[in-house]
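Undergrad: Give me the fold of what follows.
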Amino acid sequence: MTRYVKSGEFNIAYQVVGDGAVDLVLIPGWVSHLEVGWEDPLLARFLRRLASFSRLILFDKRGTGMSDRVSAHQLPPLEERMDDVRAVMDAVGSERAALLGLSEGGPMAVLFSAAHPARTSALILYGTVAKVVWDESYPWGLRPEEVERFIRLCEERWGEPVMVDLFAPSLAQDPEFRASFARRLRMGASPGAVVGYIRMLCDVDVRRVLPTVRVPTLVLTRRGDRLTHPDAGRDLAARIPGARFMELPGEDHTPWVGDTEPLVGEIEEFLTGIRHRPDDDRVLATVLFTDIVSSTERAGEMGDQRWKDLLDAHDELARRQVERFRGRMVKFTGDGVLATFDGPARAVRCATSLRDGVADLGVDVRAGLHTGEIELRGTDIGGMAVHIAQRICSVARSREIIASSTVKDLVAGSGLRFADRGVHRLRGVPDEWHAFTVIP
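TA: Numbering: from 1, shown residues only. The predicted model follows:
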């Protein structure tokens, strides 16, 4: 249930989830919306996981989401905005809480913990920076021209999935995620408000505050983050006495996208000393990704209606083939499919049959296969195994089916044949992967 508390003259919307022994206040990034956020299954799962070991305290910062709007030309400084944290903590009866600052919420979390150490049990910072804008002493900030380009993009295209390729590259082409991402932005702030917020962020520099932080601190970042360079997180941690820095695999800046369990596991262990691994939402499966080759060019050649008819025929054929080989169709991706199988040999044979079947429609597909542990996210799936299959698909040529070495090893004795495709470094995936082409 969403409730409100006064912070000065502003009404701040907040929620409390879970009943763990540790109070954890989540300070969101640039925009948020408490109730729309729960509509996103990935964000909802992330929040429930945090609430599994804490009393999770959520709020929308003033000017965003369900909290009172403020003038885009008179945005209050961080010193005033951090009063929202104190007001929400008072409202829920939290004398002392850990703070989790996500992205742009990090500087506010830093300032609160330094100013109110008696009310801060721990500080956790993810994907955040001490300073937003570049100068000679801070090479990880945005150049002024980059800031202006970002502002123009928000002014002209707010309401679309702006910058989704930077915030969540692993799902940037997923139609459902793009729609959800754009809706959360629209509901979180107006174009004018977000532009004012960006300009305010450009003045933020908490580097001088960092040495005064005296609470246990954990700084987390993802190795391939396109918005926050890992060295910015490393520099931030080095300035806080006793802070621990962790660099995790992945390329998504949005913390609830990608393989979230290593991130949440580090937070849980840091706060409680124990890490619980969810055991009811992970299974071993073979993941199949397919992709229509040169789909953009073909769509332009055929025209909208003919292309739509072809996609409908492709999807129906793919559905039948997945059912035939006892797989589960997870979703259609616009120009391909994502499916899972409990047997790798059936997955390979389904990919072969699908490739040959759609050729009669006049299109070519490519496919990638990998066997590993996946996360069940309602009707969707996630986890590193899904990313690996997707990246393997991306290196396949037209009509080529590529399998990871894991798939090849597991189908030994099935009669399936493979040709060595070499070792590849897959974007956003740790280590190198040996790939093999399925021989017809």
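Undergrad: In the chain, where's the longest strand?
TA: strand 365-377 (DSSP state E).
Undergrad: for that strand, packing partners?
TA: The contact analysis (3 or more C-beta pairs under 8 Å, 6 or more residues apart in numbering; DSSP states H and E) places strand 365-377 against helix 41-51, strand 282-292, helix 344-359, strand 380-382, helix 384-394, strand 401-404, helix 405-410. For the C-beta atoms, the positions are set from N, CA and C on the backbone; glycine is no exception.
Undergrad: could I get those as TSV with mean neighbour count?
TA: Converted to TSV, the helices and strands packed on strand 365-377 look like this (neighbours: other C-beta atoms under 10 Å):
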stretch	mean neighbour count
helix 41-51	19
strand 282-292	23
helix 344-359	21
strand 380-382	21
helix 384-394	24
strand 401-404	28
helix 405-410	19
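Undergrad: which of these has the lowest average pLDDT?
TA: Across those, strand 380-382 has the smallest mean pLDDT, namely a mean of 84.
Undergrad: quick one on the thing from earlier: what lines up beside the longest strand of the chain in the sheet?
TA: strand 282-292 (antiparallel), strand 380-382 (antiparallel), strand 401-404 (parallel) (DSSP bridges).
Undergrad: quick one, which of the ones you listed is nearest to residue 142?
TA: Nearest of those to residue 142, taken as C-beta to C-beta: strand 380-382 at 29.5 Å.
Undergrad: what's in contact with the closest one?
TA: 41-42, 258-260, 285, 287, 330-331, 338, 340, 374-375 (C-beta atoms under 8 Å, 6 or more residues apart in numbering).
Undergrad: Swap in 6 Å and give it another go.
TA: Outside of strand 380-382, the residues within contact range by C-beta atoms under 6 Å, 6 or more residues apart in numbering are 330, 374-375.
Undergrad: low-scoring stretches of the stretch 201-350 of the chain, by residue?
TA: 277-280 (pLDDT under 70).
Undergrad: again, only this time at 80
TA: 276-282, 295-302 (pLDDT under 80).
Undergrad: Which parts of it are strands?
TA: 217-222, 244-248, 282-292, 328-332, 337-341 (DSSP state E, counting those that start in this stretch).
Undergrad: Which of the ones you listed sits closest to residue 183?
TA: Closest among the strands of the stretch 201-350 of the chain, using C-beta to C-beta: strand 328-332, at 18.1 Å.
Undergrad: Of the contacts of strand 380-382, just say which sits nearest to residue 196.
TA: residue 375 (37.4 Å).
Undergrad: Any figure for the gap between the closest one and residue 321?
TA: Distance from residue 375 to residue 321, counting by C-beta to C-beta, to the nearest Å: 25 Å.
Undergrad: Who has more neighbours out of these two?
TA: residue 321 (23 against 20; other C-beta atoms under 10 Å).
Undergrad: contacting residues around the more buried one?
TA: Counted by C-beta under 6 Å, 6+ apart, residue 321 has contacts 350, 353-354.
Undergrad: With residue 243 instead?
TA: For residue 243, the contacting residues are 217, 219, 237, by C-beta under 6 Å, 6+ apart.
Undergrad: Make JSON lines out of these and add neighbour count and distance to residue 15.
TA: Formatted as JSON lines, these follow (neighbours: other C-beta atoms under 10 Å; distance: C-beta to C-beta, whole Å):
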{"residue": "217", "neighbour count": "25", "distance to residue 15": "25"}
{"residue": "219", "neighbour count": "26", "distance to residue 15": "26"}
{"residue": "237", "neighbour count": "21", "distance to residue 15": "30"}
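Undergrad: ok, longest helix in this protein?
TA: The single longest helix within the chain, with elements called by DSSP state H, is helix 304-324.
Undergrad: how many degrees apart are it and strand 328-332 in direction?
TA: For helix 304-324 against strand 328-332, the angle between stretch directions is 160 degrees (axes from the mean of the first three to the mean of the last three C-alpha atoms, to 10 degrees).
Undergrad: What are the buried residues along helix 304-324?
TA: Within helix 304-324, the residues scored as buried using 16 or more other C-beta atoms under 10 Å are 307, 310-311, 314, 317-318, 321-322.
Undergrad: quick one on the thing from earlier: ok, so of the contacts of residue 321, who is nearest residue 302?
TA: residue 354 (20.4 Å).
Undergrad: Distance of the closest one relative to residue 328?
TA: 15 Å.
Undergrad: next one: residue 215
TA: On the measure of C-beta to C-beta, residue 215 and residue 328 end up 46 Å apart.
Undergrad: neighbour count winner among the two?
TA: residue 215 (21 against 14).
Undergrad: was I right about the more buried one contacting residue 120?
TA: Yes. Between residue 215 and residue 120 there is a contact under C-beta atoms under 6 Å: 4.9 Å.
Undergrad: Can you pull the residues that touch both of those two?
TA: residue 113.
Undergrad: among the strands of the stretch 201-350 of the chain, which is nearest residue 360?
TA: Residue 360 sits nearest to strand 282-292 of all the strands of the stretch 201-350 of the chain, at 13.9 Å, using C-beta to C-beta.
Undergrad: between the closest one and helix 384-394, how big is the angle?
TA: 20 degrees.
Undergrad: Run through who's touching strand 282-292.
TA: Identification of contacts with strand 282-292 by C-beta under 6 Å, 6+ apart yields 335-341, 344, 347, 351, 363, 365-371, 373-375, 385-386, 389-390, 393.
Undergrad: Could you find the closest non-adjacent residue to the residue sitting nearest the centre point of the chain?
TA: In the chain, the centroid-proximal residue (C-alpha atoms, centre = their mean) is residue 257; its distance is 2.3 Å. Taking C-beta to C-beta, 6 or more residues apart in numbering, and ignoring the residues beside it in sequence, residue 257 has residue 168 as its nearest neighbour in space, at 4.3 Å.
Undergrad: these two touch, right, that neighbour and residue 253?
TA: No. At 7.2 Å, residue 168 does not count as touching residue 253 under the criterion of C-beta under 6 Å.
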